[in-house]
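Participant: Everything below, folded, please.
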Amino acid sequence: MVSRMTRRGLIGLGAAAACVLAQPALASVRLPLLRPGDRAAAATGATPSAAARELRLLNTHTGEKLKRVYWAEGRYEPEALKEIAHLMRDHRSDERHEIDPSLLDALHEMRLKLDSGEEFHIISGYRSPATNAQMRENNAGVARKSYHMRGMAVDIRLPGRDLPRLRKVAVNIGFGGVGDYPRSDFLHVDVGPVRQWGSTRA
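Facilitator: Numbering: from 1, shown residues only. Predicted coordinates for the structure are as follows:
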């Protein structure tokens, strides 16, 4: 009787120990964080790895156009990023800078939410320090440490979608800075700290 109780006790202790040992493993499991484009994919029922991200861009100063899948099968496409950086270069100095992929994801998610097949019109992408300083001389509204100089900001229009609608979608997504410029009819979007400015209200 004692030996049987001992065996049962040992079995019970072994099961309890197994549960305790399993706890840290369960606690260490973390669901993967979704990038902006993945949230859009999840909303449509597609898996993040299966949902390619495409952008259609038009540089309003050079007339250059680009329609490119820049992310597919779980990775950013290096050649596509180079082509996008070229199109979004500083048209005044012809200088090119790497564009933050999070900014591209912001545009991609905006396009999905706006349900538009039109090209984003790029008013200003990358801006060299010299160009930014020159623009500040004529416009006090140009930030001294503009995110344009870091490839983290873009000024856009989207045919068929007015400025208030663009702003509302950008604000709701919550990537970073959103500011509208009704006189010049464009929206500034960046992936810096979340903040808002301008006269059009979402």
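
Participant: and the spatially closest residue to Ala170 that is not a sequence neighbour, which of the three is it?
Facilitator: In space, and not counting its chain neighbours, Ala170 is closest to Val178: 4.5 Å by Cβ to Cβ, 6 or more residues apart in numbering. The C-beta positions use only the backbone N, C-alpha and C, and glycine is treated the same way. Assigned by DSSP: H, G, I helix; E, B strand; the rest coil, the conformation of Val178 is strand.

Participant: now the strands for this protein?
Facilitator: Listed in chain order, the strands of the chain (DSSP state E) span 53-59, 65-72, 75-76, 120-124, 153-157, 177-181, 186-190, 195-197.

Participant: what about these, which gets the closest to Arg167?
Facilitator: strand 177-181 (5.0 Å; Cβ to Cβ).

Participant: Output the closest one as CSV - backbone C-alpha positions only.
Facilitator: Coordinates of each C-alpha in strand 177-181 appear next as CSV, following Å, rounded to 0.1, in the frame of the first residue of the first chain:
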residue,chain,number,x,y,z
GLY,A,177,3.7,63.2,-38.7
VAL,A,178,0.8,64.4,-40.8
GLY,A,179,0.4,68.0,-42.1
ASP,A,180,-1.7,69.4,-44.9
TYR,A,181,-1.0,72.4,-47.1
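
Participant: Paired strands for it, with orientation please.
Facilitator: Take DSSP bridges as the rule and strand 177-181 pairs in its sheet with strand 186-190 (antiparallel), strand 195-197 (parallel).

Participant: which one of these is the most hemmed in?
Facilitator: Neighbour counts (mean count of other Cβ atoms under 10 Å) averaged over each of those peak at strand 186-190, with a mean of 25.
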